[in-house]
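Enquirer: With the sequence up front, the predicted model follows.
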Amino acid sequence: MYRQACRRLLLRPSARAAAAARPFSTDLPSAPSQDTTFVEAWKKVAPNIEPPKTPLSYLKPRPQTPTSIPSKLTVNFVLPYQAELDSKEVDMVIVPATTGQMGVLPGHVSTIAELKPGILSVHDGNDVTKYFVSSGFAFVHANSVTDIVAVEAVPIDRIDPNLVQKGLAEFTQKLSSATSDLERAEAQIGVDVHSALNAAITG
Amino acid sequence: MASSAAVPFWRAAGMTYITYSNICASLVRTCLKEPYRAEAAAREKVHFAIAKWAEGKPEKPSYFNTMFMYSTYLFVGRFKKLVDRKQLS
């Protein structure tokens, strides 16, 4: 019985039209900071007490998709233990996606990119800040907000070249002497990461 | 629907994305210069206890208080392989 009810709900003409016209999350209007139905219901029951604040009221409103291309890109670059860049306005960001180095300018199309170990550079006017990113994801939204999440990211000058060379030699040796699939995969990851670190220090 | 999409080599070898990402991060951490390396090593510590169950009751758990994450994955991989092969029951 309930199964039929669900099917009938979905097949209603209004539901079908709504599903066809589903907007992207960045096209929606900003979520209201207070749930008005809740506040009204509260006031009816307890008019003298302030309604409690809900998580929605603590949130910053979602930035709207602007009608014209904005001049600056807003970057949020976060690591699990620290926020490197928090809503910083920059001109361009180059992310090391698995499909190659990808430059993100204001007005870039919405993209989700998986990152490979490589250099992330943030360009603001003439300043360029480079980080070596271990892996992560970059989300570019339609309103020119870019969220980059990584597990580990270090400025290039904190990398020790001797340890990189040693690691590269060790993992190349492990790759040639690997027996099982898992060992080979681990050795391959080691070789990839150390080669990228090497390219980052020398390049 | 294409079910023959090109898979990355680590997924073909049975590794998940989280494992891959954490191994990459711990390798980067071991290549840092000195004061940063010590701070990063502190971030990597994992505390866990493994308890084997026999006849519905847990036996005494063995504690591993600190272990670098990379070696944790290797350890868990070996542990799982041994359990699968019934060498550690």
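Expert: Perfect, I can see it now. Numbering: from 1, shown residues only, chains lettered A, B, ... in the order given.
Enquirer: tell me which element A:Val93 is part of?
Expert: Element membership for A:Val93 (DSSP states H and E) is strand A:92-97.
Enquirer: State the next helix or strand along the chain beyond that strand.
Expert: Strand A:92-97 is succeeded, C-terminally, by strand A:100-104 (DSSP H and E).
Enquirer: re earlier: show me what the strand holding A:Val93 is in contact with.
Expert: Strand A:92-97 has contacts (Cβ atoms under 8 Å, 6 or more residues apart in numbering or on different chains) with A:73, A:75, A:101-105, A:113-123, A:133, A:138, A:146, A:148, A:196. C-betas here are computed from N, CA, C, even on glycine.
Enquirer: Just want the angle from that strand to strand A:100-104.
Expert: 150 degrees (axes from the mean of the first three to the mean of the last three Cα atoms, to 10 degrees).
Enquirer: Just the buried subset of the contacts of strand A:92-97, please.
Expert: The neighbour-count test (16 or more other Cβ atoms under 10 Å in any protein chain shown) marks A:73, A:75, A:102, A:104, A:113, A:115-123, A:133, A:138, A:146, A:148, A:196 as buried among these.
Enquirer: Which ones, among those residues, also lie beside chain B?
Expert: A:Pro117 (Cβ under 8 Å from any Cβ of the partner chain).
Enquirer: Among the buried ones among the contacts of strand A:92-97, name the ones in strands.
Expert: Here DSSP state E is the test, and those give A:73, A:75, A:102, A:104, A:113, A:115, A:118-123, A:133, A:138, A:146, A:148 as lying in strands.
Enquirer: and the two most separated of those?
Expert: Greatest spacing in these, by Cβ to Cβ: A:Leu73 and A:Gly118 (19.2 Å).
Enquirer: Would you map the strands across chain A?
Expert: Going by DSSP E, chain A shows strands at A:73-79, A:82-90, A:92-97, A:100-104, A:111-115, A:118-124, A:127-133, A:136-140, A:145-150, A:153-155.
Enquirer: same check, this time on chain B
Expert: Under DSSP E, chain B gives strands at B:48-50, B:53-54, B:57-58, B:62-64.
Enquirer: Torsion angles phi and psi at the spatially closest residue to A:Ser110 that is not a sequence neighbour?
Expert: Nearest non-adjacent residue to A:Ser110, counting by Cβ to Cβ, 6 or more residues apart in numbering or on different chains: A:Ala142, 4.9 Å away. Per-residue torsions, A:Ala142: phi -70, psi -20 (degrees, to the nearest 10).
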